[in-house]
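Colleague: sharing a model that was predicted from the sequence below.
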Amino acid sequence: MKARKIEDLLAQRHQRFTPLQRLIRHSAHQSWQTTTVRALLAPDLASAVDVVNYREGKLTLSVVNASLATRLRYLLPELTASLATLADFGDLETIRLVVRHSPPQQSPELESRELSPAAAERLAELAATLRSPEYASLQQAVLRLREHSPSEAHDGHTDPPPNDA
């Protein structure tokens, strides 16, 4: 659908209804259809379903996730029969399900924390005790952890001597 200015949508009075009025009417009708479909479903399914389109006997429902869509798929014959008895869905032949694709959720930013000078000192002492070659990777990990302390915590401290190999 081509984008139009709101003034153009409101000004088209030569037709019975302006495009904006038709859009509002269509939206209200679609909302009513969604309410009707939801009334026939269990509460946990009802809140997860919306009518997307209904045209030429084909009803398209949007479902929040694949798991609920699978559950609903098993109920389609019964739902189709129930809806077909209603005036709004008198010519209903098939129901199509689509799963909504929600945007990926952003993970919360991790809070940056600094170690106290005392904790940095303890980590340096621990790293100094890990001189055996079998603890080399652990020693490096402790030293990396120590780097999270404020820079003044490193003053006057030297890294432990390298592993004796």
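Modeller: Received it, and whenever you're ready, just let me know what you need. Numbering: from 1, shown residues only.
Colleague: okay, now Leu123: neighbour count?
Modeller: 21 (other Cβ atoms under 10 Å). For every residue, glycine as well, the C-beta is placed using N, CA and C.
Colleague: what's the answer for Leu61, then?
Modeller: 23.
Colleague: A strand includes it, no?
Modeller: Yes - the assignment for Leu61 (DSSP: H, G, I helix; E, B strand; the rest coil) places it in a strand.
Colleague: I figured it hits Val51, correct?
Modeller: Yes - using Cβ atoms under 8 Å, Leu61 is in contact with Val51, at 6.2 Å.
Colleague: tally of neighbours for the closest residue to Leu143 other than its chain neighbours?
Modeller: Once flanking residues are discounted, Leu143 sits nearest to Ala127: 5.3 Å by Cβ to Cβ, 6 or more residues apart in numbering. Ala127 has 21 neighbours, counted by other Cβ under 10 Å.
Colleague: start at 34 instead
Modeller: Okay, using 34 as the starting number, the last item reads as Ala160.
Colleague: quick one: secondary structure of Ala160?
Modeller: Applying three-state DSSP: Ala160 is helix.
Colleague: which residues of this structure score low on pLDDT?
Modeller: Low-confidence segments of the chain (pLDDT under 70): 34-35, 37, 39-48, 50, 136-145, 184-198.
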